[in-house]
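A.B. asks: whatever this is, show me its structure:
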Amino acid sequence: MTLEEPLSHQPSASMADIPLDLSAFHQMHRPTYVRWSERYLGSRRDAEEAVDQTFEELARTWQQVLMKEVPAAYAWKVMKNRTIDYARARGRRPEPCESVVFDTVDAATATDPIAAIENSMALKQAILQLSEREQDVIDLRYREGMSVAEAALQLGITEPGVRSIERYARQKLKQIIRTWETPS
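C.D. replies: Next up, the predicted model:
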């Protein structure tokens, strides 16, 4: 059981033996997985390969995946682990969220480009102090621009769970940044 021709996003004749629910899961989650992996790896081609490895693993164990309490949450974790493994195998060790923050400002159009970069770097450091789950929610909500419902679907958690995690993450970020601004 393999998922072939991921670039077309269309089931091929060789995918006839792929369960329909896995095929639907693949179509629903692959675009987000590839975007997350591409930001982490810095390469679309590498991201697609890492995500293909994710879906190959999910296909091999699909029945067990479906027995997980929250299959989407399990699959998200598998994707992140495959991406990290892929980076390590190629001698890359980017930080989680490494590229996320630098896309939050466009220094070229900022009134004060240096201040914009400094603020972006400070935000990056603050985000790295969040839990992994909080980073995921912040990334999907603000970087991907997903609704609460869409983020909940990707992470395999409830909408109230996403709102709660987001609220606490934002509070933590404000607190972290406030401590930096307070003179010693």
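
A.B. asks: I'd say residue 72 and residue 150 touch.
C.D. replies: No - using CB atoms under 8 Å, residue 72 is not in contact with residue 150, being 11.7 Å away. Glycine gets a C-beta too; all of them are placed from N, C-alpha and C.

A.B. asks: which neighbours do the two have in common?
C.D. replies: Counting by CB atoms under 8 Å, 6 or more residues apart in numbering, residue 72 and residue 150 have no common neighbour.

A.B. asks: which secondary element of this protein has the worst mean pLDDT?
C.D. replies: helix 113-127 (a mean of 75; mean pLDDT, DSSP states H and E).

A.B. asks: what comes up buried for the next helix or strand after that one?
C.D. replies: For helix 113-127, the succeeding helix or strand toward the C-terminus, using DSSP states H and E, is helix 132-138. Buried residues in helix 132-138, counting neighbours by 16 or more other CB atoms under 10 Å, are found at 133, 134, 135, 136, 137, 138.

A.B. asks: could you dump the residues you listed into TSV with pLDDT and distance to residue 53 added?
C.D. replies: Converted to TSV, the buried residues of helix 132-138 look like this (pLDDT from 0 to 100; distance: CB to CB, whole Å):
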residue	pLDDT	distance to residue 53
133	94	23
134	95	26
135	93	22
136	94	20
137	95	25
138	93	26
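
A.B. asks: quick one: residue 124 and residue 173, what's the gap?
C.D. replies: 11 Å (CB to CB, to the nearest Å).

A.B. asks: what of residue 80?
C.D. replies: From residue 80 to residue 173 the distance is 21 Å (CB to CB).

A.B. asks: residue 43 too?
C.D. replies: For residue 43, the distance to residue 173 - CB to CB - is 29 Å.

A.B. asks: which SSE is the residue most central in space within the chain in?
C.D. replies: In the chain, the C-alpha nearest the mean C-alpha coordinate belongs to residue 36, at 4.0 Å (CA atoms, centre = their mean). Element membership for residue 36 (DSSP H and E) is helix 20-41.

A.B. asks: show me what counts as buried in that helix.
C.D. replies: Buried, per 16+ other CB under 10 Å, within helix 20-41: 22, 25-26, 29-30, 32-41.

A.B. asks: give me the contact list for the helix or strand just after that helix.
C.D. replies: Moving toward the C-terminus from helix 20-41, the next helix or strand (DSSP H and E) is helix 44-60. Here helix 44-60 makes contact (CB under 8 Å, 6+ apart) with 1-3, 6-7, 18, 22, 25-26, 30, 33-35, 37-38, 40-41, 65, 75, 78-79, 82-83, 85-86, 90.
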